[in-house]
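A.B. asks: Following is a predicted model, sequence given first.
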Amino acid sequence: MQTESKRIYIADDDDNIRQIVKTFLSSDGYAVEDFPTGDLLLERFRQTPCDLAILDVMMPGSDGFTVCTELRKISTVPIIMLTARDSENDYAMGLGLGSDDYITKPFSAMALLMRVRAIFRRIDFESRKHEPSAPAAVTVGRLTLDEDRRHILNNGTPLALTPTEYEVLKYLMLHKDQAVSREELLNTVWGFESVVETRATDDTVRRLRQKLGGCGVNIAAVWGYGFRLEETA
């Protein structure tokens, strides 16, 4: 698989897990750096940003949730959370803080690789695909979609969106005033069907709503179905 030497950072206090993940991802062509703590990963990221970060939740020093929060203050880099705890609260917290995916230990290296590929695939595919039927420019309220630069602008100023937030909002803009189901968003944006829970869509939409104040749009809930992007007065 062509990975274009994408840089991945992983933080986990388990030496074996770090080495297994590093070896597996490196063999697929990624440039991987590993760190025993999230604080070291964050320090390295501030010097040289990566293309994707993998964070264990339970680590010495700052935990994965804290590191995720700090990364989100300075970057929209894709983030995958790793945890030995399998609870809905942890899952919701990770997504709520802006992570793009969540995988529970024990996991197979192949499963993690597939998640990594899926994230890069939906980012890279957007820069390559040709949609002749799509309009040259899409404007909803004060928002304008700039697919070439992968930006969504509010009165000309790019919104600070994670890759997942961008894809969800873009899809809603391309289907403005239409009801879009949670399953449709999961399949289109995350690239999974039953693997990713529908909570991922709700948490991503909640974060988007917080960022869309003053944009002249509203993401309305369609009860029992999904969401619809509407212009507001």
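C.D. replies: Alright, I've got the coordinates. Numbering: from 1, shown residues only.
A.B. asks: what's the burial count for V205?
C.D. replies: As a burial measure, V205 scores 19 neighbours (other Cβ atoms under 10 Å). Backbone N, C-alpha and C define where each C-beta goes, glycine included.
A.B. asks: begin at 6 from here
C.D. replies: Done: numbering now begins at 6, and the last item shifts to V210.
A.B. asks: For the strand or helix carrying it, buried residues please.
C.D. replies: V210 is part of helix 204-216, with elements assigned from DSSP states H and E. Using 16 or more other Cβ atoms under 10 Å as the test for burial, helix 204-216 gives 205-210, 212-213.
A.B. asks: Same question for stretch 228-238.
C.D. replies: Buried residues in stretch 228-238, counting neighbours by 16+ other Cβ under 10 Å, are found at 231-234.
A.B. asks: And stretch 50-66, by the same measure?
C.D. replies: Within stretch 50-66, the residues scored as buried using 16+ other Cβ under 10 Å are 50, 55-62, 64.
A.B. asks: could you dump the residues you listed to JSON lines with secondary structure and distance to G43?
C.D. replies: Shown next, in JSON lines, are the buried residues of stretch 50-66 (DSSP: H, G, I helix; E, B strand; the rest coil; distance: Cβ to Cβ, whole Å):
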{"residue": "F50", "secondary structure": "helix", "distance to G43": "10"}
{"residue": "C55", "secondary structure": "coil", "distance to G43": "13"}
{"residue": "D56", "secondary structure": "coil", "distance to G43": "18"}
{"residue": "L57", "secondary structure": "strand", "distance to G43": "15"}
{"residue": "A58", "secondary structure": "strand", "distance to G43": "9"}
{"residue": "I59", "secondary structure": "strand", "distance to G43": "11"}
{"residue": "L60", "secondary structure": "strand", "distance to G43": "6"}
{"residue": "D61", "secondary structure": "strand", "distance to G43": "8"}
{"residue": "V62", "secondary structure": "coil", "distance to G43": "9"}
{"residue": "M64", "secondary structure": "coil", "distance to G43": "5"}
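A.B. asks: Serialize these to CSV and add fields for pLDDT and distance to R120.
C.D. replies: As requested, these are exported to CSV (pLDDT from 0 to 100; distance: Cβ to Cβ, whole Å):
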residue, pLDDT, distance to R120
F50, 96, 20
C55, 95, 16
D56, 93, 14
L57, 94, 10
A58, 96, 13
I59, 96, 9
L60, 94, 13
D61, 91, 15
V62, 89, 16
M64, 90, 20
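A.B. asks: partners of whatever helix or strand comes next after the helix holding V210 in the sheet?
C.D. replies: Toward the C-terminus, helix 204-216 is succeeded by strand 222-227 as the next helix or strand (DSSP H and E). Sheet pairing of strand 222-227 (DSSP bridges) gives strand 231-236 (antiparallel).
A.B. asks: And the strands in this structure?
C.D. replies: If DSSP state E is used as the criterion, the strands of the chain fall at 12-16, 36-40, 57-61, 84-88, 106-109, 143-145, 148-151, 156-159, 162-163, 185-186, 222-227, 231-236.
A.B. asks: Who are the packing partners of the second one?
C.D. replies: In this case it means strand 36-40. Packing partners of strand 36-40 (3 or more Cβ pairs under 8 Å, 6 or more residues apart in numbering; DSSP states H and E): strand 12-16, helix 20-32, helix 43-52.
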